[in-house]
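S.K.: Below is the sequence, then the predicted model.
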Amino acid sequence: MKKTALFLVIALIVVTTQAQGIIDGLRYSTEQTSGTARFSALSGAMGALGGDFSAIGINPAGGAVFLNSNIMVSASLFDIENKSNYFNNSEKSSDNDFTFNQLGGIFVIHNSNEASAFKKFTI
């Protein structure tokens, strides 16, 4: 009796659970990492490190890593071209997208008081 009940529970779990489907594959394949060149090259891992304008969008505390004030403009160009052949049918699609990813600045104010616990303040 216990084996039958265990089998039914496991069968119910297997039937009701779902893995990734076509929609999930499309959702995860179309996300584009955009930002500065360093942020894009590391696929967004700069969020944990900080010190990059694009990382501030993921981790605002990363702005405290900056040593000097900076102003940044970041642009990107996506040029995508696909060609496919299937049963003697040929399809071609292309897409060009030029965007300004970000425009921003960070201002570092150094504290001249040596006794203070705060060495700098960033805005």
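M.R.: Okay, I see it. None of the values given here were measured: they were computed from a predicted structure. Numbering: from 1, shown residues only.

S.K.: So which residues of the chain form helices?
M.R.: Taking DSSP state H as the criterion, the chain carries its helices at 2-16, 22-29, 37-41, 46-49, 53-56.

S.K.: from the ones you listed, which stretch is densest packed?
M.R.: helix 53-56 (a mean of 24; mean count of other Cβ atoms under 10 Å). No exception for glycine: its C-beta is placed from N, CA and C like everyone else's.

S.K.: Report the mean per-residue pLDDT for it.
M.R.: Regarding helix 53-56, the rounded mean pLDDT is 82.

S.K.: ok, residues contacting it?
M.R.: Here helix 53-56 makes contact (Cβ atoms under 8 Å, 6 or more residues apart in numbering) with 34-36, 38-40, 44, 46-50, 62-63, 70, 72, 74, 101-102, 104, 106.

S.K.: now do stretch 19-39
M.R.: Outside stretch 19-39, the residues that reach it (Cβ under 8 Å, 6+ apart) are 40, 43-44, 46, 52-55, 57, 72, 74, 76, 78, 99, 101-102.

S.K.: run the last query once more with 6 Å
M.R.: Ser40, Ser43, Gly44, Met46, Asp52, Phe53, Ser54, Ser74, Ser76, Asn101 (Cβ atoms under 6 Å, 6 or more residues apart in numbering).
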